[in-house]
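Undergrad: this one's sequence-less:
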């Protein structure tokens, strides 16, 4: 798991955002994370899908929102 999170800077920072979100009990949208990390929506969506498939994230979906 540590290799995965440290494999790219984006994954590392995303993991920190997830940890912070858990600590403050707050959900963030992909759009919000994209703006904060100055990344593409596609890259963040891919990471979210990978985390969800591994069971590392609890995703709350609403109409047109993740």
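TA: Arrived safely. What you see is a predicted model, and the numbers here were worked out from it, not measured in a lab.
Undergrad: Tell me the helices and strands packed up against the lengthiest helix in the chain.
TA: When the chain is scanned for its longest helix (criterion: DSSP state H), the result is helix 9-24. Counting contacts by 3 or more Cβ pairs under 8 Å, 6 or more residues apart in numbering; DSSP states H and E, helix 9-24 packs against helix 2-6, helix 30-37, helix 41-54. In short, each C-beta sits where N, CA and C put it, glycine included.
Undergrad: switch the cut-off to 6 Å
TA: In this structure, helix 9-24 makes packing contacts with helix 2-6, judged by 3 or more Cβ pairs under 6 Å, 6 or more residues apart in numbering; DSSP states H and E.
Undergrad: Let me know the angle separating the longest helix of the chain from helix 41-54.
TA: For helix 9-24 and helix 41-54, the angle between their directions (axes from the mean of the first three to the mean of the last three Cα atoms, to 10 degrees) works out to 60 degrees.
Undergrad: List the contacts of helix 9-24.
TA: Helix 9-24 is contacted from outside by 5, 6, 28, 47, using Cβ atoms under 6 Å, 6 or more residues apart in numbering.
Undergrad: any idea how far the second one lies from residue 16?
TA: For residue 6, the distance to residue 16 equals 12 Å [Cβ to Cβ, to the nearest Å].
Undergrad: now the first one
TA: When distance is defined by Cβ to Cβ, residue 5 is 9 Å away from residue 16.
Undergrad: just the third one next, same as before
TA: Spatial separation of residue 28 from residue 16 under the definition Cβ to Cβ is 12 Å.
Undergrad: likewise residue 43?
TA: Taking Cβ to Cβ as the measure, residue 43 falls 16 Å from residue 16.
Undergrad: who has more neighbours, the two?
TA: residue 43 (15 against 11; other Cβ atoms under 10 Å).
Undergrad: list the contacts for that one?
TA: With Cβ under 6 Å, 6+ apart, residue 43 has no contacts at all.
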